[in-house]
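Visitor: Everything below, folded, please.
(2 chains)
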Amino acid sequence: GAGVSQSPSNKVTEKGKDVELRCDPISGHTALYWYRQSLGQGLEFLIYFQGNSAPDKSGLPSDRFSAERTGGSVSTLTIQRTQQEDSAVYLCASSLAGLAGSETQYFGPGTRLLVL
Amino acid sequence: RKEVEQDPGPFNVPEGATVAFNCTYSNSASQSFFWYRQDCRKEPKLLMSVYSSGNEDGRFTAQLNRASQYISLLIRDSKLSDSATYLCVPLRINTGKLIFGQGTTLQVKP
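Guide: As a prediction, this is how the structure comes out:
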């Protein structure tokens, strides 16, 4: 069966440009998460969606970062005016319902973003 | 203090060895815990879930000590394919938010 997919797999951009990263969760999973992993670092939580709403955006590092989810499925993470420190692997995960936090989160392969 | 602390290693062990990783967490509200493994340049994949005092799955045993806020992962009879980074991940209750440590790197040598 299909797992979580992300696109693009790699993105190189110039400082100051906007980028959009896409995540397709596992079909039927209502909870969706975005994480970021900088080189040699652990994963950092960015935002969590339950359906189309985001009850927890606490991890978004600045107002240049935004995310949306439509139709309870696909999510897009947008980074405006990219900076070099935004370079990282952006990982998306999904889980069945996200209730009580006890469910397994399945990760996509990530988007490797490099800002020159 | 970091919410999750792990010895980054690397742990270099020969094939067949038994190795144990420790993890401490600071948020006593965490009720669910996971061990994920992450291969180089790959996404994390779930290894084990720990909801009560522990869990065992083949060569892998996880133990949880809530009083000491401590989780361990024991790997017996190490294989070359066990080489990876092991991530201790408490889950913040009612948020779904996984809190990742930096992980412990294991290298199993022939």
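Visitor: Contacts for the lengthiest strand in chain B next, please.
Guide: Under DSSP state E, the strand in chain B containing the largest number of residues is strand B:84-92. Here strand B:84-92 makes contact (CB atoms under 8 Å, 6 or more residues apart in numbering or on different chains) with A:42-43, A:101-102, B:3-4, B:6, B:21, B:23, B:25, B:27, B:29-40, B:44, B:47, B:71, B:73, B:97-101, B:103-106. All C-beta spots, glycine's among them, are computed from the backbone N, C-alpha and C.
Visitor: and what of stretch B:44-63?
Guide: Stretch B:44-63 is contacted from outside by A:43, A:91, A:102, A:104-107, B:31-38, B:64-65, B:71-77, B:86-87, B:100, using CB under 8 Å, 6+ apart.
Visitor: So which of the residues you listed are in strands?
Guide: Those of those lying in strands (DSSP E): A:43, A:91, A:106-107, B:32-38, B:64-65, B:71-75, B:86-87.
Visitor: Give me the buried subset of these.
Guide: If you count burial by 16 or more other CB atoms under 10 Å in any protein chain shown, the buried members of the ones in strands among the contacts of stretch B:44-63 come out as A:43, A:91, A:106-107, B:32-38, B:64, B:71-73, B:75, B:86-87.
Visitor: interface residues of chain A facing chain B?
Guide: By CB under 8 Å from any CB of the partner chain, the residues of chain A that approach chain B are A:31, A:33, A:35, A:41-45, A:48, A:50, A:55-56, A:59, A:91, A:93, A:95, A:98, A:100-110.
Visitor: how about the strands in chain A?
Guide: Using DSSP E, strands in chain A cover A:5-7, A:10-13, A:19-24, A:31-37, A:43-50, A:53-56, A:65-69, A:75-79, A:88-95, A:106-107, A:111-115.
Visitor: what would the ones you listed look like in CSV with mean pLDDT and distance to residue B:16?
Guide: Below are the strands of chain A laid out as CSV (pLDDT from 0 to 100; distance: least, CB to CB, whole Å):
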stretch, mean pLDDT, distance to residue B:16
strand A:5-7, 97, 37
strand A:10-13, 97, 38
strand A:19-24, 98, 40
strand A:31-37, 93, 32
strand A:43-50, 90, 31
strand A:53-56, 85, 44
strand A:65-69, 96, 46
strand A:75-79, 98, 43
strand A:88-95, 95, 33
strand A:106-107, 92, 30
strand A:111-115, 97, 35
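Visitor: With distance to residue B:10 as new columns, can those strands be given to me in TSV?
Guide: Converted to TSV, these look like this (distance: least, CB to CB, whole Å):
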stretch	distance to residue B:10
strand A:5-7	28
strand A:10-13	27
strand A:19-24	31
strand A:31-37	18
strand A:43-50	19
strand A:53-56	33
strand A:65-69	32
strand A:75-79	32
strand A:88-95	20
strand A:106-107	23
strand A:111-115	23
